[in-house]
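Chemist: Provide a 3D model corresponding to the input given below.
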Amino acid sequence: MKKHLTAIGSSLGLIIDKPIAELYQIDRNTVVEVTPKEDGLNIRFLKERVADDNEVMKAAGDINKRYGRMMKNLAK
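Modeler: Modelled structure (predicted):
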């Protein structure tokens, strides 16, 4: 499959079409590893994912609800 690179600021990006993203079960939070090769680049999807801001804030709120009083006491 031939693709054109897209300008993103002063960088270049590769757009992954929705059918391919669905096939590999990836989304905007998927972490990729890019390895230079002699004849191009190797792109590998990693299993780990990066949490988005909403997930981080929800987790922080859950921790605060559960351990907030204890953390305040420890901070004294």
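
Chemist: residues in contact with the lengthiest helix in the chain?
Modeler: Ranked by residue count and defined by DSSP state H, the top helix of the chain is helix 53-75. Identification of contacts with helix 53-75 by Cβ atoms under 8 Å, 6 or more residues apart in numbering yields residue 51. In short, each C-beta sits where N, CA and C put it, glycine included.

Chemist: Now it: buried residues?
Modeler: The neighbour-count check on helix 53-75 (16 or more other Cβ atoms under 10 Å) flags nothing as buried.

Chemist: pLDDT of it, averaged?
Modeler: Regarding helix 53-75, the rounded mean pLDDT is 89.

Chemist: chain center to it: distance?
Modeler: 23 Å (Cα atoms, centre = their mean, to the nearest Å).

Chemist: again, but for stretch 17-32
Modeler: Distance, centroid of stretch 17-32 to centroid of chain: 11 Å (Cα atoms, centre = their mean).

Chemist: In it, which residues are buried?
Modeler: 26, 30.

Chemist: what about it, start to end distance?
Modeler: 16 Å (Cα to Cα, to the nearest Å).

Chemist: Stretch 5-25 now?
Modeler: End to end - Cα to Cα - stretch 5-25 spans 22 Å.

Chemist: One more: stretch 8-23?
Modeler: Chord length of stretch 8-23, first to last residue, is 25 Å (Cα to Cα).

Chemist: Wasn't residue 7 part of a helix?
Modeler: No - counting by DSSP: H, G, I helix; E, B strand; the rest coil, residue 7 falls outside a helix, being strand.
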